[in-house]
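Asks: sequence and predicted model, in that order:
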Amino acid sequence: MPPLRALSPLLFSLWLGGPAARAAEAPAAPASKPSHPEVATKAYSTKQFLLALRTDTQTLARLDPIADPGFDFTPGPREAERQYDGYAHIGDLNLRVRGADGAPWQEFSSSAARRPVTALPAGGKTLAAADITASLGKDVPLTVERRWLNEGGALVLRFTLINNSRAPVEIGGLGMPMVFDNIITDRTLEQAHASASFVDPYIGRDAGYLQVTRLNGQGPALIVTPDGRTPLEAWRPLTDRSARAQTSEGFYDWTVASKAYAENEWKNAGEQWNAPTSIMLAPGARRDIGVRFATAPSIRAIEATLLAQKRPVAVGIPGYVVPTDLEATLFLNSPQKVVGITSSPEGALAVTPAKAASKGWARYTVRGNGWGPARLSIAYADGGVQTVSYFITKPLEQAVADLGKFATTQQWFDDKKDPFKRAPAILTYDRDAKRIVTDDPRVWISGMSDEGGGGSWVAAISKQLDNPDAAEVAKLERLVDETVVGKLQVADGPHAGAVRKSLFYYDPKAFPGYYNPKANWGTWASWKKQDADDLGRAYNYPHVAIGHWVLYRLARNHVGLVNAHDWRWYLTKAYQTTVAMVRDAPEYAQFGLMEGDVFIDILKDLQREGMSAEAADMEQMMKRRADHWRTLAYPFGSEMAWDSTGQAEVYAWMRHFGYKKQADITREVILGYDPAIPSWGYNGNARRYWDFLYGGKTARIERQIHHYGSTLNAVPLFDAYRADPSDLHLLRVAYGGLLGGITNIDRDGFSSAAFHAWPDMMRWDAYSGDYGMGFYGHAYATATYLVKDPTFGWLGFGGNLQMEKNGVVRITPKDSARTRLFVAPARAWITLEAGKIDGATYDPKTRAITLELAAATVATPAARLLVDSPGGKIKPQGLVAERGGYQVPLTAATARVLLKPR
């Protein structure tokens with residue numbers, strides 16, 4: 001990890017919520033801005049775009065969709081400040097080449113030190129053309145020509161590489177910068193949503209593409225696809241002059257050949273998305289590469305637009321994370337015939353053709369074997385190869401059990417001599433060092449609070465919600481009773497229920513010799529006791545509320561699992577935590593909070609339990625927050641300039657209070673940064689690229705794969721799908737995030753904060769960090785969905801399907817909880833607060849659902865069933881309502897419950 005002083009002070013200030021954070025929310029205009037000379041451009045148009053090219057470099061300076069000509073996908077408004085050497089643009093090229101003798105690679109870039117390009121003849125379909133060889137640098141062994149084309153109404157960028165020498169040239173690095181306007185710096189939240197966009201890659205070789213989506217989630221979206229044989233082999237972060245920060249992720253290369261990088265910067269990385277290759281160019285030979293630009297009318301229409309362009313499209317159900325006991329499905333649609341499908345590693349993925357439900361779509365059953373990343377390579381008749389990246393996990397119940405065991409054993413901290421009185425605790429773990437992190441200069445990481453420090457114990461306690469283990473629950477009771485209440489959380493007095501920022505802090509005078517002398521303790525992140533004791537950070541409150549609420553649910557619905565207090569004590573503590581958050585942390589309570597969905601359930605449980613005064617008070621407090629959000633154009637700001645943290649809670653309260661417009665806005669914005677892409681890493685991966693700074697061991701700005709945002713943002717998408725089961729896109733993205741969060745759990749149960757997506761790492765971070773926030777989202781939302789789609793037919797998300805006699809459909813849940821089932825054709829949302837679903841059948845003719853519930857256990861002699869359907873029309877037969885649900889006695893045999901429409 002680099003020393004903290006090397007990191008941007010602005011980033012840390014943004015995280016802490018200091019003046020820079022408030023400025024990022026509503027920046028004042030700077031007193032003076034550096035002036036830059038105007039950049040001369042020339043305008044062009046195609047059927048879908050208005051564009052401008054710089055007259056000196058012929059690089060792209062503007063790209064406006066004709067459907068919305070006021071919007072620019074490029075950083076066009078910053079063209080003047082980005083006109084200088086070292087700033088990459090679309091239309092530039094990066095090269096690493098060498099002779100066939102294996103000499104060292106030589107690097108060339110058209111943006112590093114610009115030289116005049118030589119214009120070539122244009123006209124007809126050629127909008128502009130140039131020989132850019134001089135701008136690549138001295139001694140480049142190739143001639144490179146670039147053309148901007150209007151081909152049948154499509155905008156095309158094409159490079160021609162020519163070997164004019166007498167010797168072969170190996171191209172081991174070949175990339176086209178893809179520079180889109182993801183820069184949030186100096187923009188308000190409203191300005192960013194109106195003007196900025198995010199790019200997500202499908203790194204799928206010849207079927208690869210980019211989708212560029214607007215922050216507001218609205219159309220049109222931009223799609224970038226290969227021109228000719230231009231595989232998207234890798235997605236390489238550019239190291240140009242563009243600053244990376246929380247307000248700007250930086251830019252990437254569409255990397256066609258990556259062997260030179262793999263042999264150098266990436267040699268210590270994990271396996272790449274695709275096998276690195278090079279291109280051998282014989283004397284006199286030419287090679288064309290390029291990309292095509294097109295618009296889709298909406299994010300949901302991206303795949304349909306790809307099909308219209310005759311691009312191969314893959315759709316995985318339930319996604320691209322495959323537990324070994326689940327039958328996944330892959331649909332392929334391509335104008336080219338599939339001639340072979342292979343797995344790497346060999347045998348990791350077994351693919352079997354199945355009967356397709358719709359013309360044009362080939363259907364395959366996919367079974368996983370082993371554990372970890374795997375890749376399918378789909379060969380087409382024209383020689384093209386599409387790759388789909390999968391991740392194989394253990395059966396989900398086992399993966400979750402592993403997490404619970406690891407957290408309550410390897411991460412269990414019970415040092416009675418700890419000077420910070422953290423025992424008993426579950427603390428952050430360092431997988432590389434194989435030890436608990438008891439002292440990190442970012443003190444919250446070792447302090448049981450905040451996201452980077454609270455993540456591990458929140459994961460452990462969330463695991464108990466549907467998969468309680470008596471020994472683990474006993475430890476967690478101690479953790480809450482002895483360490484949370486009275487230490488982390490104020491127990492009584494005027495601030496009762498308030499939550500401190502950290503139990504660990506920096507005080508070398510009080511604790512000489514405790515702190516690692518090799519670490520840098522001189523930054524703002526090494527909080528002193530006064531800072532650690534601060535009660536004003538609302539983000540810490542949901543973590544503690546979850547602890548109380550889960551123990552309430554266990555005490556209320558099970559027998560003998562919870563012994564320290566009764567259920568009413570825990571529910572009262574959850575309510576008290578909510579009150580304290582609004583009272584003692586009002587500055588941040590104005591924002592949506594990660595895991596804030598828990599407050600909805602606390603409110604509902606207060607109402608069910610007849611605690612009417614507490615419920616009314618809590619609902620009034622939450623309505624004040626919701627009414628504030630209702631006044632905002634984009635009601636989910638945070639301490640960051642832009643964030644994917646608060647949308648889930650904002651959406652939940654908007655739905656609760658009937659504020660449909662704001663709920664819909666929030667849902668669409670989530671889709672703007674949470675894609676459906678044929679890759680376990682990017683499918684459902686809610687964008688985050690700065691939290692390695694605050695919860696990771698390798699602290700840097702970098703696109704994170706399945707940070708906690710993936711599962712938390714899945715929660716509102718699941719709810720939105722249940723409200724509109726015709727919108728399969730919502731369910732696909734949600735399930736991608738739900739299962740993506742499981743990939744963080746390794747074979748032993750250690751759970752990483754996130755995966756490092758840059759190709760020089762391609763592995764999980766060594767700190768557990770803030771993963772627990774994401775696992776809460778998984779535990780809260782995991783469910784099985786039975787769906788009949790007009791294109792794909794009967795589908796099971798989280799369960800195995802079987803067609804029985806007379807059209808009856810059986811589903812066997814394989815999700816990690818087996819306590820929730822949505823039968824989409826019946827609009828029936830079935831949940832168990834105790835008990836397990838072994839299986840279910842649905843009869844489309846009668847709309848009857850039969851549940852098969854697992855046998856009784858010592859802790860669960862009865863199941864508690866809740867059913868939500870439109871108008872309450874679907875009811876269980878022969879059961880008496882109680883606390884808004886139904887009690888189902890269990891025996892040593894399977895219990896069956898029939899649900900029928902009234």
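Replies: Structure received.
Asks: so which bits of stretch 870-883 are buried?
Replies: Within stretch 870-883, the residues that qualify as buried are 874-876, 879, 883, counting by 16 or more other CB atoms under 10 Å. Quick note: C-beta positions are derived from backbone N, CA and C, even for glycine.
Asks: got a list of contacts for it?
Replies: By CB atoms under 8 Å, 6 or more residues apart in numbering, the surrounding residues in contact with stretch 870-883 are 608-609, 826-828, 847, 849, 865, 867, 886-888, 897-902.
Asks: picking that back up, go through the buried residues of stretch 870-883 and name the one nearest residue 504.
Replies: residue 883 (40.4 Å; CB to CB).
Asks: flag the shaky bits of this structure, pLDDT-wise.
Replies: Residues of the chain meeting the criterion pLDDT under 70: 1-33.
Asks: end-to-end on stretch 83-97?
Replies: 27 Å (CA to CA, to the nearest Å).
Asks: going by neighbour count, list what's buried in that stretch.
Replies: For stretch 83-97, using 16+ other CB under 10 Å, the buried residues are 83, 87-97.
Asks: out of those, which sit inside strands?
Replies: Judged by DSSP state E, strands contain the following of the buried residues of stretch 83-97: 94-97.
Asks: got TSV for the residues you listed, with distance to residue 54 too?
Replies: Output for these, formatted as TSV (distance: CB to CB, whole Å):
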residue	distance to residue 54
94	18
95	21
96	25
97	26
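Asks: quick one on the thing from earlier: and the buried residues of stretch 83-97, which two are furthest apart?
Replies: 83 and 97 (27.3 Å).
Asks: I'd guess residue 190 is in a helix, am I close?
Replies: Yes: assignment of residue 190 by DSSP: H, G, I helix; E, B strand; the rest coil places it within a helix.
Asks: hang on, it packs against residue 634?
Replies: Yes: using CB atoms under 8 Å, residue 190 is in contact with residue 634, at 6.3 Å.
Asks: what about those two, which has more around it?
Replies: The residue with more neighbours, out of residue 190 and residue 634, is residue 634; 21 against 14, by other CB atoms under 10 Å.
Asks: so who does that one touch?
Replies: Residue 634 neighbours (CB under 8 Å, 6+ apart): 189-190, 193, 216, 665, 669.
Asks: PyMOL command for the buried members of those?
Replies: In PyMOL syntax, the buried subset of the contacts of residue 634 is picked out as below (16+ other CB under 10 Å):
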select buried, resi 189+193+216+665+669
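Asks: strands of the stretch 701-850 of the chain, start to end?
Replies: Under the criterion DSSP state E, counting those that start in this stretch, strands of the stretch 701-850 of the chain are mapped to 704-705, 755-756, 763-764, 784-789, 793-797, 799-803, 809-813, 820-823, 828-834, 837-843, 848-853.
Asks: thought residue 444 was touching residue 453?
Replies: Yes: the criterion here is CB under 8 Å, and residue 444 meets it with residue 453 at 4.4 Å.
Asks: intersection of neighbour lists for those two?
Replies: Common contacts of residue 444 and residue 453, defined by CB under 8 Å, 6+ apart, comprise 502, 504.
Asks: who has more neighbours, those two?
Replies: residue 453 (33 against 27).
Asks: what ranges does the stretch 301-450 of the chain have for its helices?
Replies: For the stretch 301-450 of the chain, helices defined by DSSP state H, counting those that start in this stretch occupy the ranges 302-308, 396-409, 450-463.
Asks: all strands for the stretch 151-300 of the chain, in order.
Replies: For the stretch 151-300 of the chain, applying DSSP E, counting those that start in this stretch gives strands covering 154-162, 169-178, 197-202, 209-214, 221-226, 234-237, 252-257, 279-281, 286-296.
Asks: how far away is residue 174 from residue 222?
Replies: Distance from residue 174 to residue 222, counting by CB to CB, to the nearest Å: 22 Å.
Asks: whoops, I mixed them up, residue 591
Replies: In this structure, residue 591 and residue 222 are 30 Å apart, going by CB to CB.
Asks: the nearest residue to residue 233 once chain neighbours are set aside: neighbour count?
Replies: Spatially, and ignoring its direct neighbours in sequence, residue 233 is nearest to residue 274 (4.9 Å; CB to CB, 6 or more residues apart in numbering). Residues near residue 274, counting by other CB under 10 Å, number 22.
Asks: got the contact list for residue 240?
Replies: Residues in contact with residue 240 (CB under 8 Å, 6+ apart) are 86-88, 111, 177, 251.
Asks: nearest to residue 771, of those?
Replies: Ranked by distance to residue 771 (CB to CB), the contacts of residue 240 are led by residue 251 at 28.0 Å.
Asks: and that closest one, how many neighbours?
Replies: 23.
Asks: same check, this time on the one 10 residues further on
Replies: For residue 261, the count of nearby residues is 24 (other CB under 10 Å).
Asks: quick check: the gap between it and residue 175.
Replies: Distance of residue 261 to residue 175, given as CB to CB: 9 Å.
Asks: shared neighbours of these two, which are they?
Replies: Joint contacts of residue 261 and residue 175 (CB under 8 Å, 6+ apart) are 236, 255.
Asks: just to revisit the earlier point, which of the contacts of residue 240 sits closest to residue 403?
Replies: Nearest member of the contacts of residue 240 to residue 403, counting by CB to CB, is residue 251, at 35.9 Å.
Asks: hmm, residue 414 is touching residue 424, no?
Replies: Yes: with contact defined as CB under 8 Å, residue 414 reaches residue 424; the gap is 4.7 Å.
Asks: who has more neighbours, those two?
Replies: The neighbour count for residue 414 versus residue 424, taken as other CB under 10 Å, is higher for residue 424 (20 against 14).
Asks: what distance do you get for that one to residue 94?
Replies: Distance from residue 424 to residue 94, counting by CB to CB: 53 Å.
Asks: same thing with residue 68?
Replies: From residue 68 across to residue 94, the span is 31 Å (CB to CB).
Asks: give the residue farthest from the middle of this structure.
Replies: Most distant from the centre of the chain: residue 166, at 49.2 Å, with distances by CA atoms, centre = their mean.
Asks: report the beta-bridge partners for residue 366.
Replies: In this entry, residue 366 is beta-bridged to residue 328, residue 351, by DSSP bridges.
Asks: other residues contacting stretch 298-313?
Replies: Here stretch 298-313 makes contact (CB under 8 Å, 6+ apart) with 206-207, 209, 211, 213, 217-221, 223, 225, 292, 294-297, 315, 332-336, 378, 380, 384, 386, 671-672, 676, 727, 729.
Asks: now those: which count as buried?
Replies: Counted by 16+ other CB under 10 Å, the contacts of stretch 298-313 give 206-207, 209, 211, 213, 217-221, 223, 225, 292, 294-296, 315, 332-334, 336, 378, 380, 384, 386, 671-672, 676, 729 as buried.
Asks: ok, back up a step: and the strands of the stretch 151-300 of the chain as CSV, adding distance to residue 765?
Replies: Shown next, in CSV, are the strands of the stretch 151-300 of the chain (distance: least, CB to CB, whole Å):
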stretch, distance to residue 765
strand 154-162, 36
strand 169-178, 26
strand 197-202, 21
strand 209-214, 26
strand 221-226, 29
strand 234-237, 17
strand 252-257, 20
strand 279-281, 34
strand 286-296, 32
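Asks: nearest to residue 501, out of these?
Replies: With CB to CB, the closest approach to residue 501 among the strands of the stretch 151-300 of the chain belongs to strand 197-202: 30.7 Å.
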